[in-house]
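Engineer: Here's a sequence, model it:
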Amino acid sequence: MKNKIFSIILLLPLLLVGCDSLFDKGDVEKTYDGPDQVGLFPLEDNNNVGINVTSTSIQVQLISKDGLATSDVPIAFSAAGGSTARATTDYSFSTASPVTIPAGSATAEIGIDFVVTTLDEVGNANIDSLRATGTYSGLTAATSGSGTGATFDVEVAEYGEIEEINIVSDIDSARVTGVYNGVTATGGIGTGATFNVTVPEYGAIQEIGSVSAADPLRTAGSYKRVTPSGGSGQFATVDVVIDSDGAATVEVIDPGIEYEVGDVLTISALDIGLTGSNVTFEVTSVSAIAQPTVTIEGGVRYADTDTVTIAAADLGGAGADLVLAITSVTPIAAPTVTVVSGGLGFGSSDTFTIAAADVGGTGADLTFEVIELTGSFAGNEVVLILQLDSATGARIAANLDSTNVFIAK
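Structural biologist: Model (predicted):
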C-alpha cells in the first residue's frame with residue numbers, strides 16, 4: 001500500500017491538469033481507480049557535465065489503482081525531434097528501448113550517458129628555470145590518449161625579480177654623498193636590474209661645547225650665518241652674539257656635514273666686528289655615518305644567493321665599491337596553460353606534451369594533465385527531449401510524457 005500511495009503522490013499534481021475523471025471517488029476518498037498510466041519524473045533535469053558528472057537517469061513511474069504492476073509494462077522511448085543534443089556526440093542511452101516496469105514494481109530507470117571527451121581545463125605545466133619566458137599562442141600537443149583537435153595558449157612567467165637585499169660592504173666615509181639613480185651592478189645569474197642608491201650625509205653638528213673666553217676688545221653685536229673654519233667637515237654656519245663684556249654666544253644654524261667629535265672650529269674676528277680675538281668652540285656631537293640606502297628596479301632570474309657589486313665609479317668616484325647580497329627573489333612559477341579549443345575524444349587520465357621548440361626553444365618540453373572534461377557542444381548548453389512513445393498495458397499520461405534533460409558545460 002505504501003508504494004501505491006508514493007507513486008500516486010509523486011505524479012498527482014500533473015495528472016490533475018485536464019484529468020478530472022481520474023478520481024471518480026476523488027473528493028471523498030482521494031483514491032485513484034482509473035486505468036494504469038505511466039509518466040516521466042522529473043520533468044526537467046539539469047546537468048553540468050564534467051569528469052564527476054558523466055550520466056543521469058530519468059524515472060518512469062506507474063500510476064495504478066493496484067499500486068504496483070501486476071504484470072510487466074514495456075514502455076518505448078526516444079529523443080524528440082526538438083532536441084539540440086546530438087546522439088553519440090553529446091549523449092547515448094545506456095538503457096535500451098523499451099524499458100520495462102517489472103511486475104511487482106512501480107518504476108523503471110532510463111539511463112543516459114554524457115559524452116564527456118572535450119577538454120575544459122588542464123593543469124599547470126612542469127617547471128624549468130631554463131625555459132624562455134613569454135606568451136605562446138595556438139599550440140598543439142602530443143597526448144597520451146586518443147583525443148584530437150585541442151589547442152592551447154601557454155604563458156611562461158618571469159621570475160627571480162629581486163625583492164630584498166643586504167649591504168655587505170662596510171660603511172665608508174670616503175664615499176661621495178648624493179643620490180645615484182639607475183646604476184647597474186655586476187655579478188649574479190640574473191639580468192636587467194638597476195639600482196637607486198642614496199649615500200647619506202653624515203657628521204652634521206648636533207652639539208657644541210663651551211666657547212672661548214670673553215674678550216672686552218670684541219665689538220658687541222649680533223652676527224648672522226658666519227662660516228667657521230677648521231675641523232674635518234664643511235658647510236656649517238653659526239649665529240654669534242657678542243655682549244658688552246665681549247663674551248660670545250654661538251648657535252649652530254646649518255649643521256654642515258662630515259664633522260667629527262673633537263673638531264675645534266674658529267670664528268674669525270674679521271667676521272664679528274673686526275676687533276678683539278677669534279672665537280673658538282669644540283664639536284661634541286655629530287650625526288652618525290650610515291650605510292647607503294638602495295632600491296631596486298626590474299631585473300629577472302636572480303637567485304637569493306647572488307651577490308652583486310656596484311662600482312664606486314658609479315657612486316661619485318670615491319670610496320669602496322658597494323656590495324649587495326640578494327636575500328629574496330620572486331619564485332619561479334609553473335607555466336599556465338589555457339585550453340583554446342577543447343578537441344574531442346580525450347580521457348580523464350590523458351597527459352599532454354608541448355615541445356620545447358614551441359615555447360622559446362630552451363629548457364624541457366612542457367607536460368601537463370587533464371583537470372576537467374566537458375561535452376563537445378559548441379554552445380554553453382544543449383537539451384535532450386526525452387519522450388515516451390508507447391506503453392503496453394498502460395496509457396501514457398498526457399502531461400508526463402516528456403522530460404527536458406539539459407546538458408551544460
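
Engineer: For stretch 244-257, buried residues please.
Structural biologist: If you call a residue buried by 16 or more other CB atoms under 10 Å, then stretch 244-257 has these buried ones: 246-248, 250, 252, 255-257. (Glycine included, C-beta is placed from N, CA and C.)

Engineer: Nearest to G104 among these?
Structural biologist: Relative to G104, the closest of the buried residues of stretch 244-257 is I257; by CB to CB it sits at 104.2 Å.

Engineer: How many residues are close by the closest residue to that closest one other than its chain neighbours?
Structural biologist: Nearest non-adjacent residue to I257, counting by CB to CB, 6 or more residues apart in numbering: E201, 4.4 Å away. With neighbours defined by other CB atoms under 10 Å, the count for E201 comes to 17.

Engineer: roughly how far apart are E201 and I289?
Structural biologist: According to CB to CB, to the nearest Å, E201 and I289 sit 9 Å apart.

Engineer: Then I272?
Structural biologist: 32 Å.

Engineer: Name the residue in those two with the higher neighbour count.
Structural biologist: A count of neighbours by other CB under 10 Å puts I272 above the other of I272 and I289, at 22 against 16.

Engineer: which non-adjacent residue is nearest the more buried one?
Structural biologist: With sequence-adjacent residues excluded and distances taken as CB to CB, 6+ apart, I272 is closest to Y223, at 4.8 Å.

Engineer: Now do the same contact list for the one you found.
Structural biologist: Taking CB atoms under 8 Å, 6 or more residues apart in numbering, we find Y223 in contact with 239-242, 271-273.

Engineer: Helix or strand: which one has it?
Structural biologist: In this structure, Y223 sits in strand 221-226 according to DSSP states H and E.

Engineer: got any ranges where the stretch 301-409 of the chain has weak pLDDT?
Structural biologist: Low-confidence segments of the stretch 301-409 of the chain (pLDDT under 70): 378-379.

Engineer: Strands of that one, residue ranges please.
Structural biologist: 307-310, 322-329, 336-344, 351-354, 366-374, 381-391, 395-396, 402-408 (DSSP state E, counting those that start in this stretch).

Engineer: try the stretch 101-250 of the chain
Structural biologist: Going by DSSP E, counting those that start in this stretch, the stretch 101-250 of the chain shows strands at 107-114, 118-122, 134-139, 142-143, 148-156, 162-167, 178-183, 194-199, 205-211, 221-226, 234-242, 248-257.

Engineer: out of those, deepest packed?
Structural biologist: The highest average neighbour count among those, using mean count of other CB atoms under 10 Å, belongs to strand 118-122 at a mean of 21.

Engineer: Show me what that strand is packed against.
Structural biologist: If you count contacts as 3 or more CB pairs under 8 Å, 6 or more residues apart in numbering; DSSP states H and E, strand 118-122 packs onto strand 336-344, strand 366-374.

Engineer: rewinding a little: in the sheet, which strands lie alongside the strand holding Y223, parallel or antiparallel?
Structural biologist: Next to strand 221-226 in the sheet, as set by DSSP bridges, lie strand 234-242 (antiparallel).

Engineer: between the partner strand and strand 205-211, how big is the angle?
Structural biologist: Taking axes from the mean of the first three to the mean of the last three CA atoms, to 10 degrees, strand 234-242 and strand 205-211 form an angle of 40 degrees between their directions.

Engineer: residues in contact with strand 234-242?
Structural biologist: Here strand 234-242 has contacts from 205, 218-228, 248-259, 265, 267, 271-273, 279, using CB under 8 Å, 6+ apart.

Engineer: Would you mind writing the CA trace of it as CSV?
Structural biologist: Output in CSV follows, covering the C-alpha atoms of strand 234-242 (Å, rounded to 0.1, in the frame of the first residue of the first chain):
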residue,chain,number,x,y,z
GLN,A,234,82.2,71.7,5.7
PHE,A,235,79.2,73.9,5.2
ALA,A,236,78.4,74.7,8.8
THR,A,237,77.2,78.2,9.6
VAL,A,238,76.5,79.8,13.0
ASP,A,239,75.0,82.9,14.5
VAL,A,240,77.2,84.8,17.0
VAL,A,241,76.2,87.3,19.7
ILE,A,242,78.9,89.4,21.4
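
Engineer: Determine how far it lies from the middle of the whole chain.
Structural biologist: Put simply, strand 234-242 sits 59 Å off its chain's centre (CA atoms, centre = their mean, to the nearest Å).

Engineer: sorry, back to before: ranking the strands of the stretch 101-250 of the chain by mean pLDDT, which is last?
Structural biologist: Taking each of those in turn, the one with the lowest mean pLDDT is strand 142-143, at a mean of 88.

Engineer: end to end, how far does stretch 123-138 reach?
Structural biologist: Terminal residues of stretch 123-138 lie 17 Å apart, using CA to CA, to the nearest Å.

Engineer: Apologies, that question was intended for stretch 291-299.
Structural biologist: This stretch, stretch 291-299, spans 23 Å end to end (CA to CA).

Engineer: Buried ones in that stretch, by neighbour count?
Structural biologist: Residues of stretch 291-299 classed as buried by neighbour count (16+ other CB under 10 Å): 292, 294, 296, 299.

Engineer: Give me the subset of the residues you listed lying in strands.
Structural biologist: 294, 296 (DSSP state E).

Engineer: that older thread, can you report phi and psi for the residue nearest to I257?
Structural biologist: As for E201, its main-chain torsions (degrees, to the nearest 10) stand at phi -70, psi 160.

Engineer: so it makes contact with D254?
Structural biologist: No. In this structure E201 lies outside contact range of D254 using CB atoms under 8 Å: 11.7 Å.

Engineer: For L373, give me its contacts.
Structural biologist: Contacts of L373 were listed using CB under 8 Å, 6+ apart, and they are 50-51, 116-120, 346-348.
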